[in-house]
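**Q** structure for this input, please:
(2 chains)
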Amino acid sequence: MTKPPRGIARFDSAAGMVQALAACLHGERFSSPSQSPFLDSLMPPINLLPKRAREWVYTVGGMSEGITSRQARRLDVEGIGEWIAGLYPQRVYDAAFIGSSNGALMHVAAALNVPWLPQTFLCPVRAPFSDPDDAQGGFVDGLSAVDALLQADPRISVHHMQDPNQDRLMLSAMSYFRLKLRAMPLAYREFLLRTLAPDATIHIGRCTRDWPVTRTSDRSFYQFGALGGATESEYLNGGPRVARYLARYGVKRTRWNPPAPSMRAPEAEWGYDAALTESIVALAKEKNWRVVEWRFEEPEALSLATADLYRDWYRSMGIEAKRLVVDSFLLMDPYTTLRLRAIPFWLVFCTDPSAETLRRFLDRASFDEIDMMLFSHGTGGVGLTSISEWRALTAKAKREGRFLGVDARRYPRDFATFVRFDRALAALEPQYR
Amino acid sequence: MDQSRTRSRRVRAARPPWRVIAGLGACALAAWATIEWMRLKRTPALSDESARAGITVRYTQAGPYRMFSRHAACGAGHAKRLPVVLVHGLVISSRYMEPLALALRDDFDVYAPDLPGFGESALHGRALSVPELADALRLWLGARGIGRAMLVGNSFGCQILADFAARYPESVDRLVLQGPTVDRKARSLVVQIGRDWRNGRLERTRSSATIGRIDYAKAGLLRAVATMRALICDRIESKLARIAAPTLVVAGSRDAVAPLAWASEVAARVPNGALLTIDGGTHTLNYVYPHSLALAIRPFLLQGGAST
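**A** As a prediction, the model looks like this:
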């Protein structure tokens, strides 16, 4: 696969998922989110470093993906669209997905053998020596980059996102800007026109999850916090868990002090900005394509539906699925999951709400084997699920539950899992063609 | 004293013979360039992939010129519609028009000739001027029995079409000028090369540069330079007011060669002109975004007259 253009982070959900699905459509495993054999070779030795050194390397590695404010002004959204569309095999498809990033949706697309075009991608802008907990400072300092990105392309909205609970390490070196396409780039249009069959269907993945934000212009928002371990109220008003977390990291404050939200907007990473629909429908109308919308609020709601869909699909082939493969954030491999005839179950993150979703699912479904990936973001944040709790969930397997490429002692700073998860998955048997 | 001189001569003799190395390097580079140039010149007129996609080719004697053309026959058999003729840009040939021809053929019979001196239409002697290229197009249409057509040009092809439409209005049903050159406010070869380089960077993921190299080799450097001069000297703006046919000027919003302001001016100067902007589009829409361009100009072309 080709290297992404400047301005799109490889360690992000959208970039990871699009590469995982594209690999599947090419008939290949998704074995390297970094797509760099060199970086991958460094991961295992980095994992042996002491905790602080590991965190530092993670931060510096992430910073190399960032761009400067000056580069942000020249961000090539079409180039990013070309890169994404160019990842897929150039052939005729009966359908295509477009819209919200969602791991479960990747498995649906993989089963249908069709591509997905993301609405949102992460553009990290370098901001060295930043204080991740200083919401007011982050808000003000980010305005110039917001302005630069807005100028770069009139077809995007900019969601400045600051989540010191989960992106603590990266935020000390970068600011996160999630860019949402409000109209289809020409690269997407051309890809759809080139590859979709005359009677094709466009599926819009529409996650309606929103978040309180501070509006900074008609196309830009500041979002403090994000979907994960802490609640909206904890981000905005603090609480005992937040105070304990900040104390653990030696931060003097007891709560965060973000700017007052002025409205609710689509959640920066997972939510869908409905402005995009107009250009999709207009194109579909011209080509007489059907448009189907998959609407859901919580991203993981689709994981439950997808698991059922896969079970029914396998049954229609005379296969009773006995293995559950649990994905974590961008750690997933639709290709190998299909070859294992396993049920996929995607979790947003390694936090309590996700663990609860899996627990609810396992209360009504049983599996001989449960194989779990576990994303590491390097922070022992509020609502992080402990390794023992994850282990307890894998233990619900009737025969055997196991982690896939996880170093339990180093979680949530187990960065080598990015190169090990897929090797561990691919080593499972039996696999079918 | 003598001993020290001898040592000095020895030291000099021991220095790396950089001139020899540089000379050998230059010779090797020149040899490689020549071999590559010859290889490009010998590139077949039609690739297997294009033939499989449904492109056919033909040579036609058009007056003094033996002209090559590509043809994408209409798949749906709309025999009554006027044909669409695609006119290529500077030095490049109809080869880069294939994607657009294929994208349009569901509705139209599409032709794309190589003008004399370019692509497969070999021509010995001097390079033709813009009016002479327009005359050659007229001869080719006559030889192919096409009395009237809908004409689509890209870049320098728009200059040829503007000249053609101004002098032969009876042959033109309607015109599409995509990325017309040359911006009157940037009438300089250096500026044009700079703009072309910037555009090339925007189109690098699906660039037509490979085809460009083939066509430069086939046309030859002298003809390329002479035609660039013709491009710069030709004043399209002086001809636009004489175009009677309905004209659609198509502009890519990111076109660095023919910027939006210039494309708007071209549309405004044509009596029956209109501007269509393609968001995110670049200069070579016919090659980089052929399906989007075809979809955008289709309604305009469907308004075209019927063939007799």
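**Q** tell me how far the longest strand belonging to chain A lies from the chain's centre.
**A** Longest strand in chain A by number of residues (criterion: DSSP state E): strand A:196-207. Chain-centre distance of strand A:196-207: 21 Å, with CA atoms, centre = their mean, to the nearest Å.
**Q** and what of stretch A:347-354?
**A** 12 Å.
**Q** now for the next helix or strand after the longest strand of chain A, which elements pack on it?
**A** Following strand A:196-207 in sequence order, the next helix or strand is strand A:210-217 (DSSP states H and E). Secondary-structure packing of strand A:210-217 (3 or more CB pairs under 8 Å, 6 or more residues apart in numbering or on different chains; DSSP states H and E): helix A:135-152, strand A:220-224, helix A:232-237, strand A:263-266. The C-beta positions use only the backbone N, C-alpha and C, and glycine is treated the same way.
**Q** before we move on, back to that, contacts for the longest strand of chain A?
**A** A:92-100, A:102, A:105, A:116, A:192, A:266-267, A:270-272, A:274, A:277, A:280, A:284, A:287-297, A:299 (CB atoms under 8 Å, 6 or more residues apart in numbering or on different chains).
**Q** what of stretch A:55-65?
**A** A:9-11, A:39, A:46, A:49, A:124, A:126, A:128, A:169-170, A:172-174, A:378, A:413, A:415.
**Q** show me just the buried residues among those.
**A** Buried by 16 or more other CB atoms under 10 Å in any protein chain shown: A:9-11, A:39, A:124, A:126, A:169-170, A:172-174, A:378, A:413, A:415, out of these.
**Q** now the two most distant members of these.
**A** Distances among the buried ones among the contacts of stretch A:55-65 were taken as CB to CB; the most separated pair is A:R126 and A:R413, at 22.5 Å.
**Q** just to revisit the earlier point, so which of the contacts of stretch A:55-65 belong to strands?
**A** Short answer: the contacts of stretch A:55-65 in strands (DSSP E) are A:124, A:126, A:174.
**Q** a markdown table for these, including distance to B:A76?
**A** A markdown table is the format used below for the ones in strands among the contacts of stretch A:55-65 (distance: CB to CB, whole Å):
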| residue | distance to B:A76 |
| --- | --- |
| A:P124 | 49 |
| A:R126 | 54 |
| A:M174 | 53 |
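**Q** contact partners for the most centrally placed residue in chain A?
**A** The residue lying closest to the centre of chain A (CA atoms, centre = their mean) is A:S13, at 2.2 Å. By CB under 8 Å, 6+ apart, the contact list for A:S13 reads A:101, A:103, A:122, A:269-270, A:329-330.
**Q** returning to what we had before: now, the contacts of stretch A:55-65 that are in helices?
**A** The helices, defined by DSSP state H, take in A:39, A:46, A:169-170 from the contacts of stretch A:55-65.
**Q** could you find the lowest-pLDDT member of the residues you listed?
**A** Sorting the ones in helices among the contacts of stretch A:55-65 by confidence puts A:L39 at the bottom, with a pLDDT of 83.
**Q** what does chain A put close to chain B?
**A** A:76-79, A:82-83, A:86, A:155, A:183, A:185-187, A:189-190, A:193-194, A:286-287 (CB under 8 Å from any CB of the partner chain).
**Q** give me the neighbour count for the closest residue to chain B within the stretch 301-433 of chain A.
**A** Closest contact between the stretch 301-433 of chain A and chain B, by CB to the nearest CB, is at A:L330 (23.6 Å). The burial count assigned to A:L330 is 25, neighbours taken as other CB atoms under 10 Å in any protein chain shown.
**Q** on that earlier part again, would you reformat the helices and strands packed on strand A:210-217 as CSV and include mean pLDDT?
**A** Formatted as CSV, these follow (pLDDT from 0 to 100):
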stretch, mean pLDDT
helix A:135-152, 96
strand A:220-224, 98
helix A:232-237, 96
strand A:263-266, 98
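**Q** quick one: contacts for the closest residue to chain A within the stretch 101-250 of chain B?
**A** In the stretch 101-250 of chain B, the residue that lies nearest chain A is B:T205 (4.3 Å; CB to the nearest CB). Under the criterion of CB under 8 Å, 6+ apart, the contact list for B:T205 reads A:79, A:82-83, A:86.
**Q** restricted to strands, list the contacts of A:S13.
**A** A:L122.
**Q** ok, so of the contacts of A:S13, who is nearest chain B?
**A** A:L122 (20.5 Å).
**Q** and the pLDDT at the closest residue to that closest one other than its chain neighbours?
**A** Excluding the flanking residues, the one nearest A:L122 by CB to CB, 6 or more residues apart in numbering or on different chains is A:D12, at 3.7 Å. pLDDT recorded at A:D12 is 91.
**Q** what is the burial count for A:D12?
**A** So A:D12, with other CB under 10 Å, has 25 neighbours.
**Q** contacts only, for A:D76.
**A** A:5-7, B:202.
**Q** most neighbours among the residues you listed, which one?
**A** Ranked by neighbour count (other CB under 10 Å), those have A:G7 at the top, with 25 neighbours.
**Q** so what does that residue have for phi and psi?
**A** phi 110, psi -10 (degrees, to the nearest 10).
**Q** that one contacts A:S69, correct?
**A** No. Counting by CB atoms under 8 Å, A:G7 stays clear of A:S69, with 11.9 Å between them.
**Q** so A:Q162 makes contact with A:V213?
**A** No. Counting by CB under 8 Å, A:V213 is not a contact partner of A:Q162; they are 11.1 Å apart.
**Q** which neighbours do those two share?
**A** A:222-223.
**Q** so those two - more neighbours on which side?
**A** Neighbour count, other CB under 10 Å: between A:Q162 and A:V213, A:Q162 has more, with 27 against 24.
**Q** check which residues of the longest strand of chain A are buried.
**A** Buried-residue list, strand A:196-207, by 16+ other CB under 10 Å: A:196, A:200-207.
**Q** next: stretch A:226-243.
**A** By neighbour count with 16+ other CB under 10 Å, stretch A:226-243 contains the buried residues A:226-232, A:234-236, A:238-239, A:241-243.
**Q** quick check: the farthest pair among those residues?
**A** A:L227 and A:A243 (21.5 Å).
**Q** quick one: secondary structure of residue 70?
**A** Picked chain A for this. Using DSSP: H, G, I helix; E, B strand; the rest coil as the criterion, the local structure at A:R70 reads helix.
**Q** wait, chain B was what I had in mind.
**A** At B:R70 the chain is in strand, as set by three-state DSSP.
**Q** what sits up against stretch B:56-69?
**A** B:45-46, B:70-73, B:94, B:111-116, B:119-123, B:136, B:139-140, B:142-144.
**Q** how does it look with 6 Å?
**A** B:45-46, B:70-71, B:111, B:113-114, B:116, B:120-121, B:136, B:139-140, B:143-144 (CB atoms under 6 Å, 6 or more residues apart in numbering or on different chains).
**Q** what's the burial count for A:A365?
**A** 16.
**Q** now it. Nearest residue, chain neighbours left out?
**A** In space, A:A365 is closest to A:A307, 7.2 Å off (CB to CB, 6+ apart).
**Q** that's a strand at that neighbour, yeah?
**A** No. A:A307: not assigned to a strand; according to three-state DSSP it is helix.
**Q** just checking, it touches A:A342?
**A** No. Look at A:A307 against A:A342 with CB atoms under 6 Å: they stay out of range, at 10.2 Å.
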